[in-house]
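Participant: heads up, no residue letters with this:
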């Protein structure tokens, strides 16, 4: 469907749901006295496939059963007046489409490399667009496997053909971002999907260099000795490796499919202010600049990416990272840039056992949107994740719909 007709379809379809979304009543809508929200804003959900988190519910389902589950999740997104799905199509150096570069994902059939008998990415684009939803293809660049045994990978796996590309760390296998051939291969594998499918965006999450694991070292000594000579430190070299991944991927997308966007959803603390005066008023144990070697602030301010979705997964008033303070910081970073800012929301924490008491309150998420509305830089929100959208724990998403999503909204273009 063409973009214009698809958007017209979205408005017509979602308008019929104006009084029908879960948790919304006609009297409640009429009585609400909040300002009208923007006609265009990000209302997204992540749909994670790694370890069958959101979909498919288990490996080995028939193609028709998998498609039925997928469309049911898309229908839930529409029910809650969302307009965008971040669909994970490369969770562990594998593919949810017939790729000439990497094997079929094991999360479809239970066996890496086994053809599932259909093309999930093609179907996802078709089914999303038919419902007026944008489809952002979500890729994890460097994670190979959630184990450290190369022998468990399918024999044809590129990592087995290039064992020098792999680094075991923290119980997982990763591609080494410091090897230029690795970066070129990862970009080629990602851009294969962009060339084949009319996805609305390419999406990365927060995994670049892996999160620190106490007592372990990410062994990239050989790569640093070979390629790091022009840098003042290993940290600066690592950040440059990730910068190159971002800028080269962005350029590749624009060349192959102009108009397709590129967005990244980082861990929300770039640096604490105690580390760097430019940082946020937080006390987070992880700082993306220093620990993941992801200079997320620079990417926004240099307009290297089209949008950023920091994962602000804390409640308002959190002692180490207050939602209010983190959103304020990101609004300041995005101000004056061409990078659109959306806020990643921890729907999965609503009502969760062991979560702070604030998350037991169905109104916590709604308060997040009310707070974020103070900032003109914030153009919407994305919820983690699809199964939590479907379950609507403690009615938190229904409360968001009742308070904020009374009318449909088009996805940002």
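Facilitator: Everything's here; your move. From a predicted model like this one, the values you see are computed outputs, not experimental measurements.
Participant: which residues of this protein score low on pLDDT?
Facilitator: The chain contains residues with pLDDT under 70 at 1-36.
Participant: 80 instead, please
Facilitator: By pLDDT under 80, the low-scoring segments of the chain are 1-38.
Participant: tell me what whichever helix in it runs longest is packed against?
Facilitator: Among the segments of the chain that qualify as a helix by DSSP state H, the longest is helix 234-256. Where contact means 3 or more Cβ pairs under 8 Å, 6 or more residues apart in numbering; DSSP states H and E, helix 234-256 is packed against helix 180-196, helix 221-227, strand 261-264, helix 296-301. C-betas here are computed from N, CA, C, even on glycine.
Participant: now stretch 267-281, how far from the centre of its chain.
Facilitator: Remark: stretch 267-281 is offset 22 Å from the chain centroid, using Cα atoms, centre = their mean, to the nearest Å.
Participant: got the end-to-end distance for it?
Facilitator: Start-to-end span of stretch 267-281 (Cα to Cα, to the nearest Å) is 15 Å.
Participant: and residue 76, which of the helices and strands packed on helix 234-256 is closest to it?
Facilitator: strand 261-264 (22.0 Å; Cβ to Cβ).
Participant: give me the contacts around that closest one.
Facilitator: 136, 200-205, 246, 249-250, 253, 296, 299, 305-309 (Cβ atoms under 8 Å, 6 or more residues apart in numbering).
Participant: that one pairs with which strands, parallel or anti?
Facilitator: Strand 261-264 has the following strand partners under DSSP bridges: strand 201-204 (parallel), strand 307-308 (parallel).
Participant: angle of the longest helix of the chain against helix 180-196?
Facilitator: 30 degrees (axes from the mean of the first three to the mean of the last three Cα atoms, to 10 degrees).
Participant: buried residues in helix 234-256?
Facilitator: 234, 237-243, 245-246, 249-250, 252-253 (16 or more other Cβ atoms under 10 Å).
Participant: and for stretch 406-413?
Facilitator: 406, 407, 408, 409, 410, 411, 412.
Participant: for the residues you listed, which one is nearest residue 344?
Facilitator: Of the buried residues of stretch 406-413, the one sitting nearest to residue 344 (Cβ to Cβ) turns out to be residue 412, at 15.2 Å.
Participant: let me have the buried residues of helix 234-256 in a markdown table, extended by distance to residue 66.
Facilitator: Shown next, in a markdown table, are these (distance: Cβ to Cβ, whole Å):
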| residue | distance to residue 66 |
| --- | --- |
| 234 | 43 |
| 237 | 42 |
| 238 | 38 |
| 239 | 39 |
| 240 | 40 |
| 241 | 36 |
| 242 | 33 |
| 243 | 37 |
| 245 | 31 |
| 246 | 32 |
| 249 | 28 |
| 250 | 32 |
| 252 | 29 |
| 253 | 27 |
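Participant: could you look up the SS state of residue 141?
Facilitator: Going by DSSP: H, G, I helix; E, B strand; the rest coil, the secondary structure assigned to residue 141 is coil.
Participant: which residues are in contact with it?
Facilitator: 175, 177, 186, 190, 204, 207, 208, 245.
Participant: could you identify the buried members of the residues you listed?
Facilitator: Counted by 16+ other Cβ under 10 Å, those give 175, 177, 186, 190, 204, 207, 208, 245 as buried.
Participant: return the member of these nearest to residue 218.
Facilitator: The closest of those, once distances to residue 218 are taken by Cβ to Cβ, is residue 177, at 9.6 Å.
Participant: dump the residue contacts of that closest one.
Facilitator: 141, 142, 183, 208, 209, 220, 238, 241, 242, 245, 293.
Participant: before we move on, what about residue 256?
Facilitator: Counting by Cβ under 8 Å, 6+ apart, residue 256 has contacts 191, 194, 195.
Participant: which of those sits closest to residue 53?
Facilitator: residue 194 (23.7 Å).
Participant: pretty sure that closest one contacts residue 255?
Facilitator: No: with contact defined as Cβ atoms under 8 Å, residue 194 and residue 255 do not form a contacting pair (9.5 Å).
Participant: picking up where we left off before, among the contacts of residue 256, who's most crowded?
Facilitator: Counting neighbours by other Cβ atoms under 10 Å, the top entry in these is residue 194, with 22 neighbours.
Participant: need the contact list for that one.
Facilitator: 137, 202, 252, 253, 256, 257, 260.
Participant: give the contact list for the closest residue to residue 189 other than its chain neighbours.
Facilitator: In this structure, residue 189 finds its nearest non-sequential neighbour in residue 101, 4.2 Å apart by Cβ to Cβ, 6 or more residues apart in numbering. Listed by Cβ under 8 Å, 6+ apart, the contact partners of residue 101 are 95, 158, 185, 188, 189, 192.
Participant: most neighbours, which of these?
Facilitator: residue 95 (23 neighbours).
Participant: just give me the neighbour total for residue 64.
Facilitator: 10.
Participant: so what's the gap between the one helix or strand it maps to and the chain middle?
Facilitator: Using DSSP states H and E, residue 64 sits in helix 63-79. How far helix 63-79 lies from its chain's middle: 19 Å, per Cα atoms, centre = their mean.
Participant: with stretch 90-101 instead?
Facilitator: 17 Å.
Participant: tell me which residues of it are tucked away?
Facilitator: 90, 91, 92, 93, 94, 95, 96, 97, 99, 101.
Participant: before we move on, the earlier item: out of the buried residues of stretch 406-413, the closest to residue 50 would be?
Facilitator: Distances from residue 50 to those, taken by Cβ to Cβ, are shortest for residue 411, at 24.1 Å.
Participant: surely that closest one touches residue 135?
Facilitator: No: using Cβ under 8 Å, residue 411 makes no contact with residue 135, being 9.8 Å away.
Participant: and for these two, which residues touch both?
Facilitator: 84, 200.
Participant: residues touching the nearest residue to residue 137 once chain neighbours are set aside, list them.
Facilitator: Using Cβ to Cβ, 6+ apart and skipping the chain neighbours, the partner closest in space to residue 137 is residue 199 (4.3 Å). Contact analysis of residue 199 by Cβ under 8 Å, 6+ apart lists 121, 125, 135, 136, 137, 193, 257, 260.
Participant: list the contacts of residue 110.
Facilitator: Counted by Cβ under 8 Å, 6+ apart, residue 110 has contacts 59, 60.
Participant: phi, psi for it please.
Facilitator: Main-chain dihedrals, residue 110, degrees, to the nearest 10: phi 90, psi -10.
Participant: gap between it and residue 56?
Facilitator: According to Cβ to Cβ, to the nearest Å, residue 110 stands 10 Å off from residue 56.
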